[in-house]
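J.: This is a predicted model, with the sequence first.
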Amino acid sequence: MRFVGLAVVVAVGLACPAESASQWRSEATLLPAGLSLVVPGAGQHVLGQRRKWAYFALEIAGWAFFVERRGAGSDFRDRYRDFAWDNARVQGSTRVDGDFEYYETLTHWARSGAFDGDALTAGLQPELDTGTYNGSVWSLAARLFLPSGTSVPPSDPAYQSGLAYYGQEAYGAEMLWDWSGEPGAQSEFSGLVEASDSRFRQATTVLGVVLANHLLSAGDAFVSSRREPGAARIRVATSAAPGSQWDLVLMIRAPR
């Protein structure tokens, strides 16, 4: 064994009594574990272990797969948004894309229904067709806020509470859709949404694998350095005189 030519000296610049400094004198075996926690396989490299390549390879493969899955998920997301706009959306003057929950709703409901059921009447008139998404929202609002039925006048506070709920949960005029004119299109759209979602889920899963690789490599390096404590160490040394600076010396010893 020999010390390779790497020594980093950091002047901490703290004045303290020699008694306090002596409490910090230590030789630790945490360096390989810390290196592997940041870059899997780095601690094994310091320890001269050939299995470092397995940790390196898994790290590279994991991130490559993550980037590919995220990219594929984004591509499918763009495709299903465009598909919905071309085949189901009630197109207004400006296209507005929704979040994932919105497009997932489009996979379950053939029609959104109107937001304002009677545009010629002042105020908001809820959609009454329960076969549409917005109509189902008003039906739920009526059950929650109008247990005695919707015959109460619009000025009634209970009716206004139900109307406020409907206004928050129903989709507005810029987000309406109707699949009824495109037989089979909703099923094709659902496939695009599932393809996008599955690839985003795979990307999330591989992140867990990458994290596990960091932890496993760090744990392996820690156990290995405990078995061979002279392989890599951090040494904290101080001068004996009170008020002296602390010197942190990092020394790595590798096999011949």
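T.: Yep, that arrived. No experiment lies behind these values; they were computed from the predicted model shown.

J.: So which residue is smack in the middle of this protein?
T.: T204 (7.0 Å; C-alpha atoms, centre = their mean).

J.: where does that residue fall, phi/psi-wise?
T.: phi -70, psi -40 (degrees, to the nearest 10).

J.: And E194, how far from E127?
T.: 28 Å (C-beta to C-beta, to the nearest Å). C-betas here are computed from N, CA, C, even on glycine.

J.: Of those two, which one has the most company?
T.: Of the pair E194 and E127, E127 is the one with more neighbours under other C-beta atoms under 10 Å, namely 25 against 14.

J.: hang on, that one is in a strand, isn't it?
T.: No: counting by DSSP: H, G, I helix; E, B strand; the rest coil, E127 is not part of a strand but coil.

J.: Hmm, it is touching F115, no?
T.: Yes: under the criterion of C-beta atoms under 8 Å, E127 makes contact with F115 at 7.0 Å.

J.: which residues do the two both contact?
T.: N134, A170 (C-beta atoms under 8 Å, 6 or more residues apart in numbering).

J.: State the pLDDT value of the closest residue to R77 other than its chain neighbours.
T.: Leaving aside its sequence neighbours, R77 sits nearest to S196 (C-beta to C-beta, 6 or more residues apart in numbering; 4.6 Å). Per-residue pLDDT puts S196 at 98.

J.: Likewise for Y165?
T.: So Y165 comes in at 97 (pLDDT).

J.: Spell out which helix or strand contains it, please.
T.: helix 157-169 (DSSP states H and E).

J.: Need the CA coordinates for that helix. PDB is fine.
T.: What follows is helix 157-169, C-alpha atoms only, in PDB (Å, rounded to 0.1, in the frame of the first residue of the first chain):
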ATOM      1  CA  PRO A 157     -78.100  30.800  -0.600                       C
ATOM      2  CA  ALA A 158     -78.100  27.000  -1.000                       C
ATOM      3  CA  TYR A 159     -78.600  27.300  -4.800                       C
ATOM      4  CA  GLN A 160     -75.800  29.800  -5.000                       C
ATOM      5  CA  SER A 161     -73.500  27.500  -3.100                       C
ATOM      6  CA  GLY A 162     -74.300  24.700  -5.500                       C
ATOM      7  CA  LEU A 163     -73.800  27.000  -8.400                       C
ATOM      8  CA  ALA A 164     -70.400  28.100  -7.000                       C
ATOM      9  CA  TYR A 165     -69.400  24.400  -6.800                       C
ATOM     10  CA  TYR A 166     -70.500  23.800 -10.300                       C
ATOM     11  CA  GLY A 167     -68.500  26.900 -11.500                       C
ATOM     12  CA  GLN A 168     -65.400  25.500  -9.900                       C
ATOM     13  CA  GLU A 169     -65.600  21.800 -11.000                       C
END
